[in-house]
Each structure stands twice: as C-alpha cells, then as structure tokens.
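# could you work out the structure for the sequence below:
(2 chains, ligands or ions: 6)
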Protein chains: 2
Amino acid sequence: SDSQDLDLEILNLVMEQLDTGRIQENLRELSKEPHVASSPRDEALVRLLLERWQDTATGLDSAKSYEYNVLLSFPNRDQPNVVEVVGPDGTVLHSFVPREKNLTGEQGEPNVLQPYAAYAPAGTPQGLLVYANQGSEEDFKELETKGIKLEGTIALTRYGGVGRGAKAINAAKHGVVGVLVYTDPGDINDGKTLPSETFPNSWGLPPSGVERGSYYEYFGDPLTPYLPAHPSSFRLDINNISGIPPIPAQPIGFEDARDLLCNLTGPPANASWKGALGCDYNLGPGFKQDGSFPAGSEVKVRVHNSLELRNSSNVLGIIQGAVEPDRYVIYGNHRDSWVHGAVDPSTGTAVLLEISRVLGTLLKKGTWRPRRSIIFASWGAEEFGLIGSTEFTEEFLSKLQERTVAYINVDISVFANATLRAQGTPPVQSVIFSATKEISAPGRSGLSIYDNWIQYTNRSSTVYGLVPSLGTLGAGSDYASFIHFLGISSMDLAYTYDRSKTSARIYPTYHTAFDTFEYVKKFLDPDFSSHQAVGRTAASVLLRLSDSLFLPLHVSDYSETLHSFLNAAQRDLGTLLEQHGISLDPLVTAVKEFETAAAALVRRISALQNSSPDPLQVRMVNDQLMLLERAFLNPRAFPENPYYSHVLWAPNTASAATFPGLANACARAQDTNSGSEAWAEVHRQLSIVVTALEGAAATLKPVEDL
Amino acid sequence: SDSQDLDLEILNLVMEQLDTGRIQENLRELSKEPHVASSPRDEALVRLLLERWQDTATGLDSAKSYEYNVLLSFPNRDQPNVVEVVGPDGTVLHSFVPREKNLTGEQGEPNVLQPYAAYAPAGTPQGLLVYANQGSEEDFKELETKGIKLEGTIALTRYGGVGRGAKAINAAKHGVVGVLVYTDPGDINDGKTLPSETFPNSWGLPPSGVERGSYYEYFGDPLTPYLPAHPSSFRLDINNISGIPPIPAQPIGFEDARDLLCNLTGPPANASWKGALGCDYNLGPGFKQDGSFPAGSEVKVRVHNSLELRNSSNVLGIIQGAVEPDRYVIYGNHRDSWVHGAVDPSTGTAVLLEISRVLGTLLKKGTWRPRRSIIFASWGAEEFGLIGSTEFTEEFLSKLQERTVAYINVDISVFANATLRAQGTPPVQSVIFSATKEISAPGRSGLSIYDNWIQYTNRSSTVYGLVPSLGTLGAGSDYASFIHFLGISSMDLAYTYDRSKTSARIYPTYHTAFDTFEYVKKFLDPDFSSHQAVGRTAASVLLRLSDSLFLPLHVSDYSETLHSFLNAAQRDLGTLLEQHGISLDPLVTAVKEFETAAAALVRRISALQNSSPDPLQVRMVNDQLMLLERAFLNPRAFPENPYYSHVLWAPNTASAATFPGLANACARAQDTNSGSEAWAEVHRQLSIVVTALEGAAATLKPVEDL
Ligand SMILES: [Ca+2]
Ligand SMILES: [Ca+2]
Ligand SMILES: [Zn+2]
Ligand SMILES: [Zn+2]
Ligand SMILES: [Zn+2]
Ligand SMILES: [Zn+2]
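Numbering: from 1, shown residues only, chains lettered A, B, ... in the order given. Ligands and ions are numbered 1, 2, ... in the order given. Model (predicted):
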C-alpha cells in the first residue's frame, strides 16, 4: 500500500539472519586469488556476483554487468621494476626488485603483481638520493631552504601526508627525476620492524611489504572526464592527462628503504621527519663515507610500467521498490583489489553479499519488498581511481541525480575490532544513530554499537549534547562521485581501531600481498563479529532509507555544520575579509535562513506524521529531503577541480575549517602578493556559498511558498 | 482529491470570461507612460501588478516583488547624443539629434528616452563614413575584400542579420571607431518611406522612428553571471564585462540615415546590401563629390551614455496547487519597455493580467484551485538583456529545476492579426495543438486557431502528417534562461503576420516612441480579438499543464527532432567526420534508444490512463515527463557560451541544421587550418550529445529498470 512503512519485525529478522559463517566463506572465496581490475579473476568475480544476484532463491529482481573501456596502468611481467645503487664508476653495487617475500605461500602465486606506482611513467632515472619526508610541497621547500640541491636527484619519500601522486608531482617541480616511496615502520607498525614482530606473527607489516597504489590524483577514467568510457567515447590525448606523475616512481618496503636511507650523508632531518628505521635520517644528497656504498654512488630506478586500455565492469543488482520504485537507495563497494585484497575490498564485499542474500531470500519468499528500490553495486577499478563508480555516475547522471535517496559505501568493512567509524554528510547522521542504537557491539561489553562508538569518537553537539562524531567524506572510496559530482547524500561505514592502541596510518598490510584471508582470520576479526556488526549497521541503514514512509534524512543537522563553518570564517577570516571590504553579513543571514527553513520543515514533518498524510503529501516532503544535498552543487564553482561541485565538501587545502571555496580563495589571496583578482575570487566564492545556502533554504520552505 | 484532473467546464468558463474590453483597458493603463526599467513608472507598474494580484476578489493566493541591483545603461538627459558631419576644415556642416518627431503627442512627453544603444560606451569618434550592410563579420570582410579601408572609419549599418551588439563588436575588430545603426524602410516598411504612408497614417515606421535596444550580446545582469544580483553579491569589475560594444554606437532613423548613406562615394554595394532608401548604396569611405557635403567630410558621433547600477524588480504571484503544490507552471512576461511599450511588452502583460483576473476570480470564489501551482511573473529589465528573469533563475535555481513543469512566455502577444506563432521545445507541441484546436481564430473564418495556423506555417511530420510548425527558442525573450540554463520545457506564444502581405522584420514601430496604445488600437488589433485568441491559447495551455492528472508533455515528440538532427549530421557532416575517423554510429544508436524508450513510455502511460492508477504511479510518470528536458543539460558542454547548457538548443552558428555543439565544432575544425585539437573537440561534442541522449533515454525507461 502507498503507506508502507518500515517494518521492525523484518528489520529484526534481517539483523538476526546476517550470518558470520557466511560472511567468512564469502571472504574466503573473494580473496582466494589476486583479482586486480580487469584480470581474469576479476572477471570471474563479476560472474560470481551475477550468479549470486540472479539466484532464484536468494537473488535480487535482476542483475547486470556494465563494461567500460578504461585506462589502467600495469608493471611489466617480463621485466620487473628494479632499484639499483650505481657506483661512481658506473658499476651496479646493489640491486633489488621491490616485492614481498613469500612468507605464507600467497605471495609467491603467479598472479601477484609486482608492487608499483600505477600511472607512473616508465623510465630509468638516476641521480644522488635525497630524503624528502612525505614529499609535500612544504617538504621540498624545506630541503631547498636547507641548501639541498634537488635538481637531478632521486627522492626517497615515505607514505602519508599527501597523496601518492602528489609526491611525484611535487618532486618534479623541484627538478627531481625519480621518486621512491616506502612505508616507515613508525607510521604503520607502531615502530615494529622485526620479522618476528610482523605478519604472519602479528598483524604488522613485514619488512618486505610494499604498498601498491594509484598515483593518479583525480578520479574516474583519466581519458574520459565527464563522459562514460564507452568504446566510442571521446578520449583525451594520452599526453594531455593531468594529475599523473611526470617522472618515474616506485614504492618499496622498509627493509629496502633502510639500506638506502640509513646510508645517506648530509644534514640530519628534523625530528618530525624521522621514522622508526632505527638509524639517522640524513637528507643527502648521496651516500655517506663509510656506509654501505662509496660516496658519490647514485640510485637508479628502472620502471617499466605501461598504460593499457582495459575492460572493467560494474555489477549492478536491483530490488524493485513496491511503492516508489523510482526512488533508489544505492549500496556499493568495489570488487577489484591490488593483490588478494582480503581486507581491501573483500571484507566489504563479503558483507555486501551476505546482506543481499538475506534480503534476496526474503524477497524471493514473498515475505518482503521494500517501499523504494535498492540497488547493489560492485564497482570495478576503484583502486586505479574510483573508476567504475565514476563512470557509472557519468553514464546515468540525470537518472541518479533525480532519484537517489542516498548512497551507502562499505569498502573495507573491518580495519579492526574496536569501534564503528562512520563518514557522511549531516543528513545521514540520524539514521546511522538510530540504527546503531539498536545493534549490539561485537565483544562482551553488552553495549550497543552506538554506546561503544561514543566512547571512542565523540563531539559535543550544540543540538544533541555528546554524540559520536561523523567524519567527512573526502575522495577515499567510491562515494566520491556520488557526493561531490552528483550531490547525493552519502556515507561510508566500517569497524576500526582503538587509537589508543595503535597509531598505524591504516591496517599494516594495506595494498600488499600480505592482505590475505588468513590475515583477517587471525588478526582482524577471527569470529567475524565485527563484520557482522558492520553488516547489521549497513543493512539497518539501508532498510530504514528504503522502507521508511518518511525519509530518515535529518536535513536540519546541516545547520550545525553551517554554524561551525560560519564561526570558523568569522574567527579565522573575518578581520582579513573586512580589510578587503568583504563582509560576512550576507553569510550570517544565509545560515540563519537555512536554519529557520530546516527547523520549520522538521516541525511540519512531525505534524504530518501525526496526521494521516496522503501519499502525495509524504512524497512532497520526501522530495525536499532527498534533493536538499543537490542544492549545494554548483558545477561552475571550482572549474580547476574536476568533479568537485559540492560547495560545502570540496577539498579544503587551507587552514581555516570553513567553506572550502572561501578558505582556499583566502589562502591564495593571502599567500602570494596577489592583486585584486585574487580578492575578487574570494568575494565570488563567498557569493557562491551564500547563493547555495539561500537556494537550499528556498527548497526547504513550504512547497506552496515561492 | 489526489486524482483531480482537468475540468473542461472550468476550461470553457475561462475561455469565455477572457474579455477583450478588459484587455484593452489593461493595455491603455500599462502603456499610458514610458516605463523603461527602473523608472518611476516602472515602479508604479510594480505596484499595479501587486494590487491586481493581491486583490481579495480577483487576485491570487499571494504576490510579492523581488528586487535586484543590476547594471543598466542610459543616455544623458542633459546632453543628448548627436551625429554630425564635419567638413574637412573642421566646421560642423550638418548635425542631428536622433529622436522621434512628435507626431501624436506621446513622442514629446518628458519621459521619452532619446533613442540610444544601451551598453554602448560614451565617446566622440570621428572618421570617414562607410556603409557596412548589417555589420556581420562577413560584411566587414567583404568590404576589406573590396579594398575599403576600415581603420578609423564610422560604419553605418542597418538593423537585421546579426545582433545589435555584434555589429559594434565586429566593427571594432576591423578598426572601425564608431557605429551608426538605422532601420532600412526595405526591412521594416515594405519599402514605404513617406509620412503619408507611415504612422499615424498606417502601421509603417515614420521616417524619424529609431529602434532603441540593448547592445549587450549575452543575457542576465552583466556584472553578476550565475549569481543573483543582490546588493552584497560579487560583481565583476566593470572593465571585465564581455559582450558589450567596445566602441560608441548610436541608432538613427531612416530619414537621417538617408542624408548620410545617399551621399556616400566609393563602389556600389551588392544588390543584397541595398535597401529602399531610393538612392545608390555606395560603400564609401567618405562622401561623394557633388553631394550634400564636401568630399573629405567626416562623420562624428557624440555618445553620452552611462552605465548605472539600478534597482529592478520582478513581481511574482502564485496560485497554490491543491494536490501537488510543489509542481509549478510558470507564466511570465516582462514589464519594462523602451518607451510607452504598448505592443512590446504591454500587449503581453494586458493578456497576462486578464488571465490572472479570470483565474483569480474563480479561485477567490472557491470554484476552482489548480492541481499544481501556477506562478505568474512580471519580469524587470528584459529590454536590457532578459535581466529580471535570468536573476530569478539564478536565485531559485535548485527549486525551479526540481519542480517546474513548464514555462510559458507571452511577450508581445499581438504582432499582427493573421495567425498564431508558437515557439517551443518538442514536449510542448501537443498541448499547444490540443488547446488551439478548441479555440476559434479571430475574424470571420470560422476556423479554429489550429486550422488557421496550419494554413500559414506548416510542416510535414513523419509522425503526424501535416501539422503547424513550432519554431525553436533562441534567446529573444524571457524564456531563455528557463530553457537554456535550467532545462525547463518552454514556449513563447503570439499572434503574428501574414508573411505574404508584409516582409517587415518585426512590427514597424518596434522599440520606438510610436509604439503606443493608439498604434495597437488603430493598426494591430482594433477589436482586441487577437489578444483574446492569444489569451485563450495561453490560458488553455496553462490550465492543461497545471490541472491535467497526467502531464500533457509529449516527450516522444523529441524523437522527430532528433531524427532530423541526425539526418542533417549524416547528410552534411558524415563524410567529413569519417575522413577524420569519427563515426556517427553511436549517435544513430543513441537516437534509436531514445526513440524506443520514449515510445514505450507513451504506451505505458496509455495503459495507466486506462487503469485506475494510484497517485504515486501518476506522479512517477509525471516526474519522468517533467524532468526529461533536464537530462539534455550539460553545464560543461559550452564553457565559452554563458548560460547555454542545453545540448540540443544552444546557438548553432554553423550551416548544418543539427546538434549545435557538433555543428559549431565541425565548422570551426573545417574553417581554419585547425589541427587535431579542433577535431578532438568535434569528437568531444559528439560524445556529449550521445551521452545526453542515452542519459535521457535512461530516465524514460520503466522506473524500476536501471
Ligand atoms: Ca569517464
Ligand atoms: Ca546575475
Ligand atoms: Zn578499497
Ligand atoms: Zn584500496
Ligand atoms: Zn519584449
Ligand atoms: Zn523589446
């Protein structure tokens, strides 16, 4: 019936039926073999997903794969990338092939790709080695300040701080000819470095482990911005791609990094640059006297990567809504991995498949059909730059933008067993809270996920008091194009660390050949209870969004964010703006206008809930809720930042924690001896935000008002 | 009730009640005084509209004015613009102030603005005179080909062919220092030039009549692109405005033009350049021997215009929908005129006010309330560049884009008495046909408006056989930002000429001080029956859109347009594209896909109409119909063309009658010795269209499909 609403019995049934054993078996199957994007095993998993979702007893209404022809990058199987130390006389004194030692068998499997920097060009640069910390622009400036000549050097950098590709892009600007990137044990292993202290003896990264990754700084297929990568689509000239390393780059393990870094000459690095290799961190250039290599020895990096056009597929499965089939709740994760990808992404897909099985079974039995449509998605080629999900949003832009209620992403579902971690935009906060209050946390605490979560990550809300704090959405997984490009309310869910117990940047075997089923089983979640907890949270959120008569999107929760952005603008930028004749008053007014309109809408919804609303009345307020996030889009706001249209969540690279366009423009105007044009851009960015907030407020007012 | 549908009795009642006498009295009042944008009389008319729409017996639910602070341009009251002929010795031999003779009293009223070229800069250029036909780029090239030196000249051009501002922009590129623009009697009066043959003795343009107009080539407030022109909004530096004349320009009447043009020396103009001044059309430069002025005499143009920030208001009135108040049908016209503006725009506003009175009366009596909301709009500052309507779309972008069913524009409602003229996008064709089949044409033919119309303007439709032909929407009135910027299905309606009786470019007193109430009463529509016919058409379309249970937007009518664009692409560009390795096959597929999806939707709607659909089922298909036009928007398609996002209706400046982006890109790639980049842009434009068509087709498929 048109008034179909969330059924708590069904919800409880789903919660109960999400089965740890099945999640474990899903994970075992998904991570059995390496399945990098477009590989035969990746294609086999496409078929597995189609089989599951087309199963007549446990599947969905329909499922289909969607192929795109995209630009990927691979190492050369026949000619591995090599790092050499070359003596002053040209002889190779030391040489290693960056790759993992075969500690558990999986690392020696034939389909394990050598660690590489995807999209870094081939080449054999050679030069004196320097240590450049995290490879940020500031790091290279600091080296120059210290008198380190960078021209013609090879820079050794460590993971963290800035994006992978940024290290090489920054380096090249300073004349560096090649980049090595390693994982410092201080950043990943809480300092542990010994084989006995690392996998398979603990969750730590073994000395030979190397983080693979995409060195492409943007997202989506690099050749087809804003167009789906169909075979016939227009493609950029391969020389016109921006956001990829202009110089060869190669990741290495800390064992190999130590051989190089601990032999450097030159002044010592600052304390903040030092890691846990257990030696001096000198800056170079070149090697010290009395070290392993003669002074004057250089480092040569042989990179044989190549760019390849490959077919990569998304798999989409749908449960048609019973009442509002044209409203979609989308729940997705990527399928492709770097190696076996047990944790990343298969912990997510294992949970996804279990949720789709439970819901599919209810569906096929005739027990249940959601009010709105549910779309399950298995994205391809995420690891190369969120490619599958981005192409999907490009292909179905209008349809998705008009109809999608929310996007739920569960990539790595379990980083660790301590607590929930949730990222999202303000409208999804309340539904995550509602869901997690009703689900038990894993372990024996007896607490709900919510009550456990609030102990780890919390904030003082001006509206609610102490609440768990939701993180914001960057571009770390497939939600990026949904929130930034399409303006769809999105979230990302996972179980994660107790930060008092580890400072690891991410789980230690991330993107290495040690990320295997056994790793998860032994060290991350032996009883799969955290998987189950995330599965229950995601399923509960999914059902609440797809089945509730009134959409559980609490749009007025944006007001708190806006006030905090406004306060930061006033505190950190107010005086400066005044000096340049720019007043924040219109922003104050706009924030108030939004707040008032949102609060009034919440009251109208409450009143409507207590009456017997007719179906169109409900649909009208739901449309207001669903479409609010769209009102924050402005495709003309950040022309230099591809896909970023959301004026509240575009990347803020400035220090002020406020509206990103305003913050960045202010930083730029202050930074250089910028003229009036830079200040004009500040004013333009302010007006863009004011217009967006007022436009958003207008959509929340009673629909019969103008 | 949720199933409220169009009530034919109400429709007939409205048709009967639209009263010629009241339209006439509206027109008399509206055109009583000059009311250029932001003038006191313009403000008085804002109050008049508010009074009418707030009237308790005949008004709407509510009405409000919305003020913007916009950049306008005015002549100097104390220092009129002057044109002089200066002898070789520097003495002024001839001098005139371009303005209308006071033939009927109104031309002498104090608030009549001197004819001027709005946004043309002040200055006093002087030089030899040349005749440059319509001032197109080709015209200036032709002059250069003929060896006419343009550097330092004053160019005399005639109205027509290209935009007003374009004449000055093109001229300046060739070194011309000042531009005069006149109305040739061959273009406006079917050659008639004598006072006895022109107003007040006929509808013809008197010899002293001068067409005012905006010389701004884009639309919207020039200082605030994409932002509403609120006082605090960011504004461009006045020196950074593009699309305005870089050199002084001034329009003049044909009487004054004759004194100059008929005295030119130099080679004769081509036949196609010649008008009806009854003399030789020589090209110059300079005056001939034995003419009125000594050879070597120059022309000096004294322009004293200035740019001014002024307040201009829109007035908006709303009738709230009974069932779907969040769906808007918008019906608007501008309010501002150049002088008295009887025809332009008051014939439109007179009709608008009569429709709002009739509907308002039914509303206040409780007889009727539409299913959807109706918004009436009186736009400000249209004459300067569609400013009020554009600012409105900038301010309420999200809300309007999400909710607007269609936009109806009636600017000049009566150009002449012969036939309906309708412009619009394909989805509105059928509702205009339905409406006009039921309304009698003015006069004694006994025909319906439709049957009369088809005799004047028709085409052979592959689907329907012979039908009246709908024109396409350029940017000639306030529909521009609705269709091009927001992607809202739009139309423009008027009664117009018998083209076998006149070749006048537009009604002769257009934008002059002779466009008065008496002009309309005596020459255009003495019994106001054409006004009534347009009013009935607009009101019927309005009611059908706002009251029909199923939206009368026939989206499958786009298929015919797409096939015609596709055929033209294949015919005119196919070989060329093939030579450059670009295949049209994906476009063929996309057009077919659209056609199939649209046809299937039409069948599903028929089936639904024959069942007893529930309210949400109806809403879902209506959303598909309403939002189709949005799927053709791509804000990244034409970055050089402000506001134009609709990939099917952006300006096509090329010869191929096909997809504009493709046509223009092909023309550019062929034109110069363009390299691979120009051909890459051709391919990009092709992919943009293919993606838009496939995306649009996806929105028309069953909502439960992906
Ligand atoms: Ca793409
Ligand atoms: Ca504006
Ligand atoms: Zn991942
Ligand atoms: Zn990953
Ligand atoms: Zn007009
Ligand atoms: Zn006009």
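
# excluding chain neighbours, give the residue nearest to the residue of the stretch 1-150 of chain A at minimum distance from ligand 5 in space.
Closest residue of the stretch 1-150 of chain A to ligand 5, CB to the ion: A:D2 (45.7 Å). For glycine as for every other residue, the C-beta is placed from the backbone atoms N, C-alpha and C. In this structure, A:D2 finds its nearest non-sequential neighbour in A:P615, 3.9 Å apart by CB to CB, 6 or more residues apart in numbering or on different chains.

# any idea how far A:S214 is from the one you found?
Separation of A:P615 from A:S214 (CB to CB, to the nearest Å) stands at 46 Å.

# those two: who's more crowded?
Taking neighbours as other CB atoms under 10 Å in any protein chain shown, A:P615 and A:S214 compare with A:S214 leading, 26 against 19.

# run through the bridge partners of that one.
A:A118 (DSSP bridges).

# the residue nearest to A:Q685 when sequence neighbours are not counted: helix or strand, and which one exactly?
Counting by CB to CB, 6+ apart, the nearest residue to A:Q685 once its immediate chain neighbours are dropped is A:G661, at 3.8 Å. Using DSSP states H and E, A:G661 sits in helix A:660-671.

# please apply the same query to A:S73.
Residue-wise, A:S73 maps onto strand A:62-74 under DSSP H and E.

# let me know whether that strand sits next to chain B.
Yes - interface with chain B: strand A:62-74 contributes A:K64 (CB under 8 Å from any CB of the partner chain).

# same question for stretch A:626-642.
Yes - with CB under 8 Å from any CB as the measure, stretch A:626-642 is seen reaching chain B through A:L627, A:R630, A:A631, A:N634, A:P635, A:R636.

# so who does the residue of the stretch 1-150 of chain A closest to ligand 5 touch?
Residues near A:D2 by CB atoms under 8 Å, 6 or more residues apart in numbering or on different chains: A:V323, A:P615, B:D614, B:P615, B:L616.

# ok, now A:D344?
A:S337, A:W338, A:D411, A:I412, A:Y510, A:H511, A:D515.

# report how many residues lie close to the nearest residue to A:P508 once chain neighbours are set aside.
Nearest non-adjacent residue to A:P508, counting by CB to CB, 6+ apart: A:L205, 3.9 Å away. Using other CB under 10 Å, A:L205 has 28 other residues around it.

# ok, A:L205 to A:K192 distance?
Separation of A:L205 from A:K192 (CB to CB) stands at 9 Å.

# overlap in contacts of the two?
Common contacts of A:L205 and A:K192 (CB under 8 Å, 6+ apart): A:P185, A:T198.

# give the helix, strand or coil label for whichever residue of the stretch 251-400 of chain A sits closest to ligand 5.
Across the stretch 251-400 of chain A, the shortest distance to ligand 5 (CB to the ion) belongs to A:S398, at 32.4 Å. For A:S398, the assignment made with DSSP: H, G, I helix; E, B strand; the rest coil gives helix.

# what about it, how many neighbours?
By the measure other CB under 10 Å, the count of residues near A:S398 is 21.

# for it, give me the pLDDT.
pLDDT, A:S398: 98.

# dump the residue contacts of it.
B:L627, B:R630, B:A631, B:G695, B:A696, B:A698, B:T699.

# in a helix, the third one, correct?
Yes - going by three-state DSSP, the assignment for B:A631 places it inside a helix.

# and the residue of chain A that's closest to ligand 5?
A:L706 (23.3 Å).

# look up how far A:F594 lies from that residue.
Remark: distance between A:L706 and A:F594 (CB to CB) = 17 Å.

# now do the strands in the stretch 401-550 of chain A.
Along the stretch 401-550 of chain A, the segments classed as strands by DSSP state E, counting those that start in this stretch run A:404-409, A:419-424, A:458-461, A:465-468, A:490-496.

# could you tell me the angle between the last one and strand A:404-409?
Strand A:490-496 and strand A:404-409 are oriented at 20 degrees to each other (axes from the mean of the first three to the mean of the last three CA atoms, to 10 degrees).

# report the distance from strand A:490-496 to the chain centre.
Its chain's C-alpha centre and that of strand A:490-496 lie 10 Å apart, by CA atoms, centre = their mean, to the nearest Å.

# next one: the third one
The gap between the average C-alpha position of strand A:458-461 and the chain average comes to 24 Å, counting by CA atoms, centre = their mean.

# re the thing from before, from the strands of the stretch 401-550 of chain A, which stretch is densest packed?
Sort those by mean neighbour count, taking mean count of other CB atoms under 10 Å in any protein chain shown, and strand A:404-409 sits at the top with a mean of 28.

# that one packs against which elements?
strand A:324-334, strand A:490-496, helix A:529-547 (3 or more CB pairs under 8 Å, 6 or more residues apart in numbering or on different chains; DSSP states H and E).

# output the ones you listed as JSON lines; include the columns mean pLDDT and distance to B:G286.
Compiled in JSON lines, the helices and strands packed on strand A:404-409 are given as follows (pLDDT from 0 to 100; distance: least, CB to CB, whole Å):
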{"stretch": "strand A:324-334", "mean pLDDT": "98", "distance to B:G286": "70"}
{"stretch": "strand A:490-496", "mean pLDDT": "98", "distance to B:G286": "70"}
{"stretch": "helix A:529-547", "mean pLDDT": "98", "distance to B:G286": "77"}
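
# the ones you listed: which one's closest to ligand 3?
strand A:324-334 (5.6 Å).

# what about whichever helix or strand comes after that closest one and ligand 3, any contact?
Moving toward the C-terminus from strand A:324-334, the next helix or strand (DSSP H and E) is helix A:348-365. No - if you take CB under 5 Å from the ion as the test, helix A:348-365 misses ligand 3, and the best it gets is 7.2 Å.

# please see if whichever helix or strand comes after helix A:348-365 touches ligand 3.
Next helix or strand after helix A:348-365 toward the C-terminus (DSSP H and E): strand A:372-379. No - judged by CB under 5 Å from the ion, strand A:372-379 stays clear of ligand 3, getting no closer than 9.5 Å.

# mind giving me the packing neighbours of strand A:372-379?
Checking 3+ CB pairs under 8 Å, 6+ apart, strand A:372-379 ends up next to helix A:40-54, strand A:306-319, strand A:324-334, helix A:348-365, helix A:387-395, helix A:529-547.

# any chance of these in JSON lines, plus distance to B:R258 and mean neighbour count?
As requested, these are exported to JSON lines (distance: least, CB to CB, whole Å; neighbours: other CB atoms under 10 Å in any protein chain shown):
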{"stretch": "helix A:40-54", "distance to B:R258": "78", "mean neighbour count": "18"}
{"stretch": "strand A:306-319", "distance to B:R258": "67", "mean neighbour count": "21"}
{"stretch": "strand A:324-334", "distance to B:R258": "65", "mean neighbour count": "26"}
{"stretch": "helix A:348-365", "distance to B:R258": "81", "mean neighbour count": "24"}
{"stretch": "helix A:387-395", "distance to B:R258": "59", "mean neighbour count": "28"}
{"stretch": "helix A:529-547", "distance to B:R258": "74", "mean neighbour count": "26"}
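
# which one of the helices and strands packed on strand A:404-409 lies closest to B:A599?
Among those, strand A:324-334 comes nearest to B:A599, with 19.4 Å by CB to CB.

# at which residues are the helices of the stretch 551-700 of chain A located?
Assigned by DSSP state H, counting those that start in this stretch, the helices in the stretch 551-700 of chain A fall at A:558-568, A:574-579, A:585-610, A:615-627, A:660-671, A:676-700.

# let me have those in JSON lines, extended by distance to ligand 2 and mean pLDDT.
Converted to JSON lines, the helices of the stretch 551-700 of chain A look like this (distance: least, CB to the ion, whole Å; pLDDT from 0 to 100):
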{"stretch": "helix A:558-568", "distance to ligand 2": "23", "mean pLDDT": "98"}
{"stretch": "helix A:574-579", "distance to ligand 2": "22", "mean pLDDT": "96"}
{"stretch": "helix A:585-610", "distance to ligand 2": "15", "mean pLDDT": "97"}
{"stretch": "helix A:615-627", "distance to ligand 2": "23", "mean pLDDT": "97"}
{"stretch": "helix A:660-671", "distance to ligand 2": "18", "mean pLDDT": "95"}
{"stretch": "helix A:676-700", "distance to ligand 2": "9", "mean pLDDT": "97"}
